[in-house]
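[1] have a look; sequence and predicted model below, questions after that.
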Amino acid sequence: MKQRQAGFSYLELLIATLLIVIMLVPALDAMQSGIQGSGIHTQLAQNQYRMISKMEETLALPFAQLLEQADLVADPTVLIPAPFSDPAGTESRRLVFLARYDGDNADGNDNPFNGTDEGLLWVRITIENSPRALETVIVE
């Protein structure tokens, strides 16, 4: 009786190698997507912390100074220039918007930026060309 030697035949080795090669392509694609997703998440998280930092810096300023800037611009869609907003050309530029705010809607027009209430100020911080923003209303 003839005994079979332990080990793989060339055909088995060829099939195993072929299966590894075939499975390697989708595995590498999956890893690439994961790495890209991680990079995107990192950038979003950094921008979120940068917006929070700018909001804290802005809210630390005296209310009168913020109100003065809001009155100079007098439009909630116009950004407040440096030193409030980051200078043009800054990577992930943070933009600051200030406006007086209508908290009680006494005029009944549902526009929070006219018929404003004394002592209320709207603050918005966003990253340029980004849909994300932080907004708050502060009281004098």
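    Sure thing, it's come through.
[2] tell me where the chain has strands.
    Remark: strands assigned in the chain by DSSP state E are 94-100, 120-127, 133-139.
[3] out of those, which gets nearest to I40?
    Among those, strand 120-127 comes nearest to I40, with 13.9 Å by CB to CB. Backbone N, C-alpha and C define where each C-beta goes, glycine included.
[4] that closest one vs strand 94-100, what angle?
    160 degrees (axes from the mean of the first three to the mean of the last three CA atoms, to 10 degrees).
[5] who does strand 120-127 pair up with?
    Strand 120-127 has the following sheet partners, assigned by DSSP bridges: strand 94-100 (antiparallel), strand 133-139 (antiparallel).
[6] contact partners of it?
    Contacts to strand 120-127, defined as CB atoms under 8 Å, 6 or more residues apart in numbering, come from residues 47, 50-51, 54-55, 58-59, 63, 66-67, 70, 76, 92-103, 112-113, 132-140.
[7] average pLDDT for whichever helix in the chain runs longest, rounded please.
    Looking across the chain with DSSP state H, the single longest helix is helix 10-59. Averaged across helix 10-59, pLDDT comes to 87.
[8] highest average neighbour count across the strands paired with strand 120-127?
    Burial of the strands paired with strand 120-127 is given as mean neighbour count (mean count of other CB atoms under 10 Å); strand 94-100 ranks first at a mean of 22.
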